[in-house]
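Q: sequence plus predicted model, see below.
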Amino acid sequence: MASLGGCATQESPTLLVRGTDSEVAYPVGTIIDGRSGKPVSKQEMFDELATVQLVFVGERHNAKVHHDIQLQIRQAMHQRHPDLKVGMEMFDRSYQNLLNEWSQGRLEEEAFVERSHWRANWRFSYELYRDILDFVKAERLQL
């Protein structure tokens, strides 16, 4: 845009979707259907996710907005599937008893962080994951 007369305005960040014969820019935060390549609403995404048995949700580990949408997805899935189970990549099998204690509400946050060796094993801020883990605990979901 700078080459168009030296315009000094800053553009909003966009998501660029390239097809075989087209290129479309969407505002950041737009949800794109992986099959059609078209934008969908959160509700449409949640409706679609409710029809499957396993959902993988990725993130950039240090991006709070990514964790916020992960929580929204878990909440929407839990409304339809009360027996929802949550997996998190930072915990290996050796932590399962501790995770069970957390999910059953038998641990306070400080003890959980310490006993899970959060800072040594994961190194990303616990605060980024707090809302998700609090949701798991509040709903007594298997972690």
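A: Done, it's in.

Q: now do the SS call for the residue sitting nearest the centre point of the chain.
A: In the chain, the residue lying closest to the centroid (C-alpha atoms, centre = their mean) is Q70, at 2.3 Å. Remark: Q70 carries the secondary structure label helix [criterion: DSSP: H, G, I helix; E, B strand; the rest coil].

Q: tell me how many other residues crowd Q104.
A: By other C-beta atoms under 10 Å, 12 other residues sit near Q104. Every residue, glycine included, has its C-beta placed from N, CA and C.

Q: nearest spatial neighbour of it, chain-adjacent residues omitted?
A: Leaving out its chain neighbours, the residue that sits closest to Q104 by C-beta to C-beta, 6 or more residues apart in numbering is R140, at 6.5 Å.

Q: gap between the one you found and Y95?
A: From R140 across to Y95, the span is 18 Å (C-beta to C-beta, to the nearest Å).

Q: compare the two (neighbour count), which wins?
A: Relative neighbour count places Y95 above the other of R140 and Y95, with 18 against 10, counting by other C-beta under 10 Å.

Q: surely that one meets S116?
A: Yes: in this structure, Y95 is within contact of S116 by C-beta atoms under 8 Å, at 5.9 Å.

Q: neighbours around S103, how many?
A: 20.

Q: find the nearest non-adjacent residue to it, please.
A: Nearest-residue entry for S103: L143, 4.9 Å, with adjacent residues in sequence omitted and distances by C-beta to C-beta, 6+ apart.

Q: and the pLDDT at the one you found?
A: L143 is assigned a predicted lDDT (pLDDT) of 97.
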